[in-house]
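**Student:** Predicted model and sequence follow; I will ask about them next.
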Amino acid sequence: MAEKNNKIKIIFIINGQDYPIESNVNAPLMEAVQRALAESDNKGRPPDEWEVRDASGVLLEKNRTPKDLGLHEAVRLFISLRVGAGGVDQS
Amino acid sequence: MSGLAALTRVDPEVSRLKFEREVKRLADQRADLHRRGIFLLGTPTYPIVELIFVPRHPLQVAVPTKTPNNAALPPGSPQGTITMAVITVPSIAAQAFKARFDLSDYDLRAPSLEFRDPWTDALLPYGTMLRALEYEKDRQAHHVLLGDHPTTHQPFLCMRGIREYHEHPQHSGDDWLLYRNDMSLFSMVMSLWRVSIDIPIPVLVPQPGGALQVQWNAIKKD
């Protein structure tokens, strides 16, 4: 992990726009997520209505730290509103 | 013309500006889209945006294998029970499709989504299409591509952010206007990728009498 003073830059993509946020690798990811949401002016919903996924589409736990999650400098993470779907259950 | 067509309610210039903003965001994220097998077609012209989605999970085939007589089976299993093994066919995957988003009246109305054949541009009939699956820990896998919308009578994606969902009589209480500030065409494209490309895996399952059935399994990825 390329880090300076325990900090890395995380690039959050929210609704197709990049929001680079500097984060402490030992602080919960949620802290950086909240700053990215504020910067993108998405302040109207509680943070738990948003989800964070990595480039492979894997859901990340926001209470874990970048270090725990193995995130590296300039990693790209995707923040989106939890989708919510109708549909029918698989039999 | 779509069955959800209606009189224009937003000043077309306003809608066009918002359309251009959405298209620019898709273009800006082109590299991330390409990594997922999503390709923006041509230069979109208001109000239509078309993208090709290329499936990546190889086909799996369930192959019957005769269980040895001394194999440990669940209690009550008859002698000679047939079990199935799954093999992967790396050279075959589901068919690519074209997603055609219509942003007329955006963003007073959500984008409309049609599924089309990338070769002929014809609407895809439900019987020949892939299946889209969402997976949630609590609800497990569920189908979100349904065959017959009550208004358009076409296959539709039953997910928040899509016009056919919000204008479905069963979702009249979940209005698009509650979400439009928090969603974008980009986020819908990513959601469509998740449910149509990332989660479902096609499995060919032989049936008694020699028939074959395509079953869609979900990767348990919440």
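**Tutor:** Structure's in. What do you need? Numbers count the residues shown, from 1 in each chain, chains lettered A, B, ... in the order given.
**Student:** Can you pull out the residues in contact with the strand or helix carrying B:Val189?
**Tutor:** Per DSSP states H and E: B:Val189 is located in helix B:185-193. For helix B:185-193, contacts defined as C-beta atoms under 8 Å, 6 or more residues apart in numbering or on different chains pick out A:15-16, A:57, A:78, A:80-81, A:83, B:22-23, B:25-26, B:29, B:33, B:36-38, B:49, B:51, B:53, B:99, B:101, B:103, B:111, B:113, B:132, B:157, B:159, B:161-162. No exception for glycine: its C-beta is placed from N, CA and C like everyone else's.
**Student:** From those, which land in strands?
**Tutor:** Among these, DSSP state E puts A:78, A:80-81, B:38, B:49, B:51, B:53, B:99, B:101, B:113, B:157 in strands.
**Student:** and those residues as TSV, adding distance to A:Lys62 and neighbour count?
**Tutor:** As requested, those are arranged in TSV below (distance: C-beta to C-beta, whole Å; neighbours: other C-beta atoms under 10 Å in any protein chain shown):
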residue	distance to A:Lys62	neighbour count
A:Phe78	13	22
A:Ser80	13	22
A:Leu81	14	21
B:Ile38	26	21
B:Val49	31	22
B:Leu51	29	20
B:Phe53	28	24
B:Ala99	29	22
B:Phe101	30	25
B:Leu113	29	22
B:Leu157	27	28
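**Student:** For chain A, which segments are assigned as helices?
**Tutor:** A:29-39, A:66-69 (DSSP state H).
**Student:** Adding mean pLDDT, distance to A:Asn6 and mean neighbour count, write the ones you listed out as CSV.
**Tutor:** Below are these laid out as CSV (pLDDT from 0 to 100; distance: least, C-beta to C-beta, whole Å; neighbours: other C-beta atoms under 10 Å in any protein chain shown):
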stretch, mean pLDDT, distance to A:Asn6, mean neighbour count
helix A:29-39, 97, 13, 19
helix A:66-69, 97, 8, 18
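**Student:** among those helices, which is nearest chain B?
**Tutor:** helix A:29-39 (9.7 Å; C-beta to the nearest C-beta).
**Student:** ok now that closest one, how far from the chain's centre?
**Tutor:** Relative to its chain's centre, helix A:29-39 lies at 8 Å (C-alpha atoms, centre = their mean, to the nearest Å).
**Student:** Could I get the helices of chain A in CSV, plus columns for distance to chain B?
**Tutor:** CSV is the format used below for those (distance: least, C-beta to the nearest C-beta, whole Å):
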stretch, distance to chain B
helix A:29-39, 10
helix A:66-69, 16
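**Student:** Report pLDDT for the residue in chain A that chain B sits nearest to.
**Tutor:** Closest residue of chain A to chain B, C-beta to the nearest C-beta: A:Gly16 (3.0 Å). On pLDDT, A:Gly16 comes in at 97.
**Student:** what do you get for the one 5 residues further on?
**Tutor:** pLDDT, A:Ile21: 98.
**Student:** Would you check that it makes contact with A:Gln34?
**Tutor:** No - between A:Ile21 and A:Gln34 no contact is recorded; they are 9.6 Å apart, counting by C-beta atoms under 8 Å.
**Student:** contacting residues around the residue positioned nearest the centre of chain A?
**Tutor:** For chain A, the residue nearest the mean C-alpha position is A:Val52 (4.1 Å; C-alpha atoms, centre = their mean). By C-beta under 8 Å, 6+ apart, the contact set of A:Val52 is A:12, A:29, A:33, A:59-60, A:62, A:77-79.
**Student:** before we move on, what about B:Leu212?
**Tutor:** B:204-206.
**Student:** where in chain B is pLDDT low?
**Tutor:** Scanning chain B for pLDDT under 70 picks out the ranges B:1-6, B:66-81.
**Student:** Select the longest helix from it.
**Tutor:** Under DSSP H, chain B gives helix B:12-28 as its longest helix.
**Student:** what helices or strands is that helix leaning on?
**Tutor:** strand A:17-24, strand B:48-53, helix B:185-193 (3 or more C-beta pairs under 8 Å, 6 or more residues apart in numbering or on different chains; DSSP states H and E).
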